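A.B. asks: Just need the structure, nothing else, for what follows:
(3 chains)
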Amino acid sequence: MKLSKSLPLAAALLALPSLGLAQEGPVAGVNASTDTVFIFNSLLFLIGGFLVFWMAAGFAMLEAGLVRSKNVTMQLTKNVVLFSMAAIFYYLIGYNLMYPLGDWAVEGLLSGNWSPAVLEAVGVTADAADDYSYASTGSDFFFQLMFCATTASIVSGTLAERIKLWPFLVFTLILTAFIYPLQASWKWGGGFLDEAGFLDFAGSTVVHSVGGWAALTGCLILGPRIGKYTKDGRVVPMPGSNLTLATLGTFILWLGWFGFNGASQLAMGTVGDVADVSRIFVNTNAAAAGGSVVAMILTQALYKKPDLTMILNGALAGLVSITAEPLTPTIGAATLIGAVGGALVVFVVPLLDKLKFDDVVGAIPVHLVCGIWGTIAVVFTNPDASIATQLYGILVVGVFTVVVSGIVWFILNLVMGLRVSEEDEINGLDKAELGMEAYPEFSKL
Amino acid sequence: MKLSKSLPLAAALLALPSLGLAQEGPVAGVNASTDTVFIFNSLLFLIGGFLVFWMAAGFAMLEAGLVRSKNVTMQLTKNVVLFSMAAIFYYLIGYNLMYPLGDWAVEGLLSGNWSPAVLEAVGVTADAADDYSYASTGSDFFFQLMFCATTASIVSGTLAERIKLWPFLVFTLILTAFIYPLQASWKWGGGFLDEAGFLDFAGSTVVHSVGGWAALTGCLILGPRIGKYTKDGRVVPMPGSNLTLATLGTFILWLGWFGFNGASQLAMGTVGDVADVSRIFVNTNAAAAGGSVVAMILTQALYKKPDLTMILNGALAGLVSITAEPLTPTIGAATLIGAVGGALVVFVVPLLDKLKFDDVVGAIPVHLVCGIWGTIAVVFTNPDASIATQLYGILVVGVFTVVVSGIVWFILNLVMGLRVSEEDEINGLDKAELGMEAYPEFSKL
Amino acid sequence: MKLSKSLPLAAALLALPSLGLAQEGPVAGVNASTDTVFIFNSLLFLIGGFLVFWMAAGFAMLEAGLVRSKNVTMQLTKNVVLFSMAAIFYYLIGYNLMYPLGDWAVEGLLSGNWSPAVLEAVGVTADAADDYSYASTGSDFFFQLMFCATTASIVSGTLAERIKLWPFLVFTLILTAFIYPLQASWKWGGGFLDEAGFLDFAGSTVVHSVGGWAALTGCLILGPRIGKYTKDGRVVPMPGSNLTLATLGTFILWLGWFGFNGASQLAMGTVGDVADVSRIFVNTNAAAAGGSVVAMILTQALYKKPDLTMILNGALAGLVSITAEPLTPTIGAATLIGAVGGALVVFVVPLLDKLKFDDVVGAIPVHLVCGIWGTIAVVFTNPDASIATQLYGILVVGVFTVVVSGIVWFILNLVMGLRVSEEDEINGLDKAELGMEAYPEFSKL
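C.D. replies: All right, here's what the predicted structure looks like:
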């Protein structure tokens, strides 16, 4: 296709001002105008934001495909409602907690001197824009909200098939209003982790490991599903009910990740920025490819048959692994970083089963383990990264999330009870908690 | 992420012109150039347009998930073909009827002095552009076409499981060629409703209520499905066959709505416009969140169990409700406007059943009732709106659509018969009308 | 919507420079600045690229829906892995083979003087950009990669339900690393077909016919599925297991095609280019509409019942048909070109069955036959096209692909064996080759 087009630049330079409305004058200069930069940056957030929104559908399909059919309606319900709750509580509390207006957000919150997120007025002018050198506040809010919702989405898969709806939703409220925004402020709100030089481009630690840690503590308190681990140490497979949905979900997440990582460049109004966004798209894709291919090869080697669920999780593992630094690697390095992620998943999934951590969809290997790996891997390609600082960041965020989410799960367990009754679990959460089957016309084996 | 980037504006201002090709000269000024505004606006329509196109898939999945499996192939067929027909007849007739070239489009149409839509020539220059201050005609046509197709999509769900294919398609032809464009011209073509000050930003009335009214009159003439209402007044539940599809469809619609409402700003080439588009994205999302959460809470309160299909319709209700004015509300107000929409759905669905309106997917509560609510709600946040004018617009469009679509359904019923035979309805439309099952390998209960 | 907005151009012209940061000076001129053109073009590739990426999900869903449930996991596995392999091997070999750095790429490859694709450095300046008059290399690579992957996706559907996984993957490697890039270089890399005046805007021949020819040769060597054709000459229908998935896949492909054709304009930084992209969006949509409606009408006329799978393939046929020239036709001409494509599918599908070519999903009629038709149809609307040159291009690419892919299939058959055992085919590839069912809880008939 390249050659069939004349050069647009030459055309642009040769074209004479030809419109009566415009004053005669110079051809526009080399750089984009200042308004244009603002528009490009805002547009990047809007496109990135709707792509990350789409990841909510990806999680819903992935999880609905990987649970048994008697729990599908519940998994769908959780995924729709957790997104909606994230939208509401990130607006009410999270956004201004993450990007503190004053010195320390929690102070403001505790003192009652608080406001939910406020956007620029309708038809705002450049003068009145909150940050004219950046982008519209609305576009920033829209994009940041989606990251908060993604964190909540990660938790629901691990705890599937046995957790009650309402305590899960209360946890989601606390996660999206407080836990996620507070720790995210340490890095992305310009807090102490950012000052310490901790690097996490699009959130291997800030988003994925946080979701993973919260899932891990919940999983620990909740315990495994009935029948998953036998007394004699066997692991009973409980295959997902619909692998086309799981595959669709993976493709959706893969697509959404271009927005997740690409728009985390936060700018595309200069040659350098748009070329960087392009690098990020390529590297994000390469990492997913590396992760899935390695998962296929390893499952063939280990189990004599490629395992589709591992291949899907391998792709996601690659995506999580590249998220802390999707810009600096070459395409080859990105593929390798993703490939290591894919291998980690293949080895960690059976390890978790040995430890009797019953993670229904593999969110802990994918989001937590590869979130850590990706954060460490920054040091291989970004000269500004220090391994000590990276480990420090991983540790700080990990300890905080484990302690706080652990306390919250513990209290919820005490007050509301986290787990459905044995009978309800065996009959399925759809009938017991929702009275509605996902596939009512199809007979089960 | 905010702090990890240097300011792109500062970089842009400091960068010296450094390219041999460009003449030395001033750094570009503050505003975007006039070409750039045209490009941004056209791009907004293209992005908005493909997002609204995607809603066609959303309706298809939502409806396929909410009908019984014996009618799924039919529902899919209708959704694909109605979109294709909209594309053809909006091109042939609708577009120029909606944006009249002369004084009154119908005159042109009747006099035979008529042309289908014509786009700008290949490689058009600024001078030759149809509207250089706006956007390319192709991008405008693409975007507007999707609204016409959306209107047709709304009708198919309500009438599912009993209407014949061909009369439905004839109705679709008339809807997309005449009914939708004609009434849309009254507002968006600069007609009398626009002159009267009627406000409907992205079509709560012009799109959603029109689809809803057409569905309502069809539903009235068609009657309920066999067995839906017993003689002793009970409503027999006929649960949808696939709730994952219904959820997927809802997420698709939600995603598409960012284009539906956001690109209805019609411009993003200035700071104010792109900030407005951003506000609209945020508010659209907030309304969907509000609608779904309220539907969950209300169904828990009323029926002791959250109802996923109500939660999904609650999200859609929120989206329809914010569509008449997604720009002026604060995020909080948008959430509330959507929440009221969600509540309306929960209360109107059983009400319709009492009236023996058998609306298979809930399109009337979602698109008609919330379309009206959203149009009224404009007065709460937009000081330019008058409640009298809003009611006038709702009424005019409603009466027109009910009368014309009623006549069309009536004639179609007389000439072709709208309804399949009792036997065909019981066996399912897939076997009877199409000879093809959607899930041929899976046994039905 | 049109009238509710003031003119953005007028606003832009009237606005005074009002920002302290910017120097006083001229309002930006008419044309977009040179940086802005680069940004717009790169953005076009990124958007187009993620839309074409999404087509990988479309092929996966379409094929999963059209095979029998016992082969669904295999079809999903192939579609995920083939995409990942395309990403890796197009990076390692394909990209630089397609856009040769020196005179003749194969020379470089054979001499060992070779490099995989290299992107511009992080934060590249205009001076250092690989092609400042075009777009960022990363965005170009991202977009071009997706075309290579699409070509591989086409092959998998035809050969479904009987080909082994591993030889298929080896073929994919050769296709994405060598076959596709080499022949693509003849046109899009500025090779001899381009010099001869062969026109193929977005790849009716370069992408679709190549995938189709490779599928055809594979199909010939592989033979039909067991039981598909009886000794007495009957064709046994083997209906797809899930028509909602097939429909979803079609909608995904339709959406992705806006990127496929639209971004093949390769530029949107001028009024003419963005208006052309808009034309392409409209025409692409029109052709799909034409194809699906004609398929519906013809199947009704021929078989007395509309056939959903034909309608879906009709839409895809329309899309392939318009791909060689989506820019120059009027909307009406585009609809007709697509309509002919839809008719071709309806007639060629039974013809292939007569010839005992067992094409499981209809990829040969859609991608090969309509790829040829679309390439010929260029002459009807583009005055630069010559029928002789078009046929010459079709022939050259066809002979090359048939010979090379034929040899590869032949060798793979000899060395690895292409086909699963009779027993495995009857039991389904999922159990035999993967040990994993797609729908394990649902009983089969």
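
A.B. asks: need the contact list for A:Thr73.
C.D. replies: Residues in contact with A:Thr73 (Cβ atoms under 8 Å, 6 or more residues apart in numbering or on different chains) are A:429-430, A:434, A:436-438, B:243, B:308. Any C-beta I mention is one placed from the backbone N, CA and C, and that applies to glycine too.

A.B. asks: So which of these sit within helices?
C.D. replies: Judged by DSSP state H, helices contain the following of those: A:429, B:243, B:308.

A.B. asks: before we move on, the earlier item: most widely separated two among the contacts of A:Thr73?
C.D. replies: A:Leu429 and B:Leu243 (13.2 Å; Cβ to Cβ).

A.B. asks: A:Ala56 against A:Ile154, yeah?
C.D. replies: No - assessed by Cβ atoms under 8 Å, A:Ala56 is found out of contact with A:Ile154, at 11.3 Å.

A.B. asks: returning to that earlier point: relative to chain C, which of the ones in helices among the contacts of A:Thr73 is nearest.
C.D. replies: B:Leu243 (12.5 Å; Cβ to the nearest Cβ).

A.B. asks: still on that earlier bit, most neighbours, which of the contacts of A:Thr73?
C.D. replies: For these, the largest neighbour count, defined by other Cβ atoms under 10 Å in any protein chain shown, is 31 neighbours, found at A:Ala438.

A.B. asks: ok, now which ones touch the nearest residue to that one once chain neighbours are set aside?
C.D. replies: Spatial nearest neighbour of A:Ala438, chain neighbours left out: A:Val72 (3.6 Å); criterion: Cβ to Cβ, 6 or more residues apart in numbering or on different chains. Contact partners of A:Val72, counting by Cβ under 8 Å, 6+ apart, are A:64, A:241-242, A:430, A:438-439, B:243-244.

A.B. asks: Next, format these as CSV and append pLDDT.
C.D. replies: CSV is the format used below for these (pLDDT from 0 to 100):
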residue, pLDDT
A:Ala64, 98
A:Ser241, 96
A:Asn242, 97
A:Asp430, 95
A:Ala438, 95
A:Tyr439, 95
B:Leu243, 97
B:Thr244, 98
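
A.B. asks: Single out the residue in chain A that lies closest to chain B.
C.D. replies: A:Gly138 (3.0 Å).

A.B. asks: From C:Gly191, how far off is that residue?
C.D. replies: A:Gly138 sits at a distance of 48 Å from C:Gly191 (criterion: Cβ to Cβ, to the nearest Å).

A.B. asks: Show me which of those two is the more surrounded one.
C.D. replies: Using other Cβ under 10 Å, the more surrounded residue of A:Gly138 and C:Gly191 is A:Gly138, with 28 against 20.

A.B. asks: so what's the more buried one up against?
C.D. replies: Applying Cβ under 8 Å, 6+ apart, we find A:Gly138 in contact with A:42, A:119-120, B:275, B:277-279, B:281-282.

A.B. asks: quick one: secondary structure of A:Asn41?
C.D. replies: Three-state call for A:Asn41 (DSSP: H, G, I helix; E, B strand; the rest coil): helix.

A.B. asks: I'd like to know how many residues surround the residue nearest to it when sequence neighbours are not counted.
C.D. replies: Once flanking residues are discounted, A:Asn41 sits nearest to A:Ala135: 3.8 Å by Cβ to Cβ, 6+ apart. Residues lying near A:Ala135 (other Cβ under 10 Å) number 30.

A.B. asks: isn't A:Phe74 right next to A:Asp430, touching?
C.D. replies: Just to correct that, residue A:74 is Met rather than Phe. Yes - counting by Cβ under 8 Å, A:Met74 touches A:Asp430, with 5.6 Å between them.
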